[in-house]
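Asks: What shape does this take:
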Amino acid sequence: MPAAIADLARLVRIPSVSWDGFDQAHVDSSANAVATLLTELQLFDRVAIERGTNPDATPGRPAVLATRAAKPGMPTVLLYAHHDVQPPGADEDWDSPPYEPTLRSTPTGDRLYGRGAADDKAGVMTHIAALRALVEAHGEAPGIGIAVFIEGEEEFGSRSFRDFIERHRAALDAEVIIVADSDNWDHETPAITASLRGNVTFTLTVRTLEHASHSGMFGGAVPDATLSAIQLLATLWDAEGAVAVDGLAAFAGATGATPDYPEPQLRADAGLLDGVRPIGRGELLDRIWHQPAITVTGMDLPSVRDASNTLTPVVRIKVSARIAPGQSAEAGYDAIASHLKHHAPHGAVLSFEDVVTGEPFRVDTDAPAYLLAKDAMAAGWGRDPVEMGIGGSIPFIPTLVDVFPRAQILVTGVEDPDTRAHSPNESLHLGVFRRAVLSEALLLTALEGRE
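Replies: Got it, this is the predicted structure:
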């Protein structure tokens, strides 16, 4: 574990933000560092840095692909994680520099802080450390086939993902796919992800004026874009904060047979302020696992500092929606867009751009590999795993299902409720990391047929 943690720290120091506007040389450096770690395992027939092609024919971000052929009669396992990270946000919101891995003791155990320390460079190192453990324990290279795919643009929308896996279909084809990019119930209880919500994001533009006009001269008779945008957005939810869009469905298979998740835990996990009430209806976990959600994640408005006494002619809004399992993301987008067009106030002119969709996902919980994974987690953690949904989305997983329909897909991870992935002060619980590595090594051993 000390070596795995040291290697993880070196990866965290590389600011591999894959978004446009950030230095992509760092993403290249991150890919090179991961490729070096995989090469040093001396397990693979081939380790290479490859790129897919985006839908607009531009090259994707660098991914790392490593392959080892299976011995006769043995299955092949595909190990997935991603080496790119979210932007850090404001440095002043961090207790330590975002790209300086910092170890701190907390009441629940030691944690490593830094952007990507958990999401998802810890996933990368879980695979690498599990393979190291497998070789060390058995004294020989495994007989199972192993393909490792470390993506370089998951946080940027996996735009070249489909082209990449179709281009490398033969190398990536596997009976079992382990995706190390999810959560655990808490720092002592493992979880295996059984469902994921889909996602829809788009930019909505609301226009009411050809140009800005004096708010004193025309206010009270002329609707500006800010007024229209506020009134329009308010129609997306009812008075309890539940989504109020006809055509957005909840998951019909949800039965309420979920782990206990009391409101105080929600408040602590999400950072809900005293006096602020949760929104929606039904069991809390149903709300965040099995029901749709809509969030406004950004708005282009005049800033308070730059505000003038004018009516704003145009407002741009970033909308992020989560689509419940069982409904297609396209149907979800159509429902939201239809609702907005129907409710546009004062004849406001709407336009929709940058539409990105990702499908929801349900795991086959009766698959043999799923059952083996539960046993491995119980042994590695000393506690039975929880089957949980995830309110977030991993849009590429349905693509894996489409391209590799015979594969059994397992969604695991190294995060816990205190990880704060995508937020300032992201961190990894080192006890969770160790147990995740051990569990994956035990699962690989079981897939090879060893005791």
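Asks: For the stretch 151-300 of the chain, just list every one of the helices.
Replies: Assigned by DSSP state H, counting those that start in this stretch, the helices in the stretch 151-300 of the chain fall at 161-167, 169-172, 215-218, 225-234, 263-270, 284-289.
Asks: Now distance to Leu65 too, for those, in a markdown table please.
Replies: To be clear about C-beta, it is placed using only N, CA and C from the backbone, and glycine gets the same treatment. A markdown table is the format used below for the helices of the stretch 151-300 of the chain (distance: least, C-beta to C-beta, whole Å):
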| stretch | distance to Leu65 |
| --- | --- |
| helix 161-167 | 9 |
| helix 169-172 | 6 |
| helix 215-218 | 57 |
| helix 225-234 | 43 |
| helix 263-270 | 36 |
| helix 284-289 | 33 |
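Asks: So for Val349, which of these sits nearest?
Replies: helix 225-234 (9.2 Å; C-beta to C-beta).
Asks: related to what we said a few turns ago, possible to save the helices of the stretch 151-300 of the chain as TSV with mean pLDDT and mean neighbour count?
Replies: Shown next, in TSV, are the helices of the stretch 151-300 of the chain (pLDDT from 0 to 100; neighbours: other C-beta atoms under 10 Å):
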stretch	mean pLDDT	mean neighbour count
helix 161-167	97	19
helix 169-172	97	16
helix 215-218	95	13
helix 225-234	98	19
helix 263-270	92	13
helix 284-289	93	20
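Asks: Figure out which of the ones you listed is closest to Val319.
Replies: Closest to Val319 of the helices of the stretch 151-300 of the chain, according to C-beta to C-beta: helix 225-234, at 8.5 Å.
Asks: where does the chain have low pLDDT?
Replies: Under the criterion pLDDT under 70, the flagged ranges of the chain are 254-258, 451.
Asks: distance from the centroid: which residue in it tops it?
Replies: Going by C-alpha atoms, centre = their mean, the residue of the chain most distant from its centre is Met217, 48.1 Å out.
Asks: distance of that one from Arg362?
Replies: Distance of Met217 to Arg362, given as C-beta to C-beta, to the nearest Å: 57 Å.
Asks: And for Glu353?
Replies: Separation of Glu353 from Arg362 (C-beta to C-beta): 31 Å.
Asks: Settle it for me: which of those two has more neighbours?
Replies: Taking other C-beta atoms under 10 Å, Glu353 and Arg362 do not tie; Arg362 has more neighbours (15 against 9).
Asks: Specify the beta-bridge partners of the more buried one.
Replies: Ser195 (DSSP bridges).
Asks: shouldn't it be in contact with Ala194?
Replies: Yes: the criterion here is C-beta atoms under 8 Å, and Arg362 meets it with Ala194 at 7.1 Å.
Asks: Which stretches in the stretch 151-300 of the chain count as strands?
Replies: Secondary structure of the stretch 151-300 of the chain (DSSP state E, counting those that start in this stretch): strands located at 176-183, 191-196, 198-207, 213-214, 293-300.
Asks: Adding mean neighbour count and distance to Ala268, write those out as a markdown table.
Replies: Below are the strands of the stretch 151-300 of the chain laid out as a markdown table (neighbours: other C-beta atoms under 10 Å; distance: least, C-beta to C-beta, whole Å):
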| stretch | mean neighbour count | distance to Ala268 |
| --- | --- | --- |
| strand 176-183 | 24 | 15 |
| strand 191-196 | 24 | 17 |
| strand 198-207 | 21 | 25 |
| strand 213-214 | 14 | 47 |
| strand 293-300 | 14 | 20 |
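Asks: Tabulate these in TSV, adding columns for distance to Lys318.
Replies: Compiled in TSV, the strands of the stretch 151-300 of the chain are given as follows (distance: least, C-beta to C-beta, whole Å):
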stretch	distance to Lys318
strand 176-183	23
strand 191-196	21
strand 198-207	6
strand 213-214	26
strand 293-300	4
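Asks: on that earlier part again, determine which of the helices of the stretch 151-300 of the chain approaches Ser427 most closely.
Replies: Closest of those to Ser427 is helix 263-270, at 14.1 Å (criterion: C-beta to C-beta).
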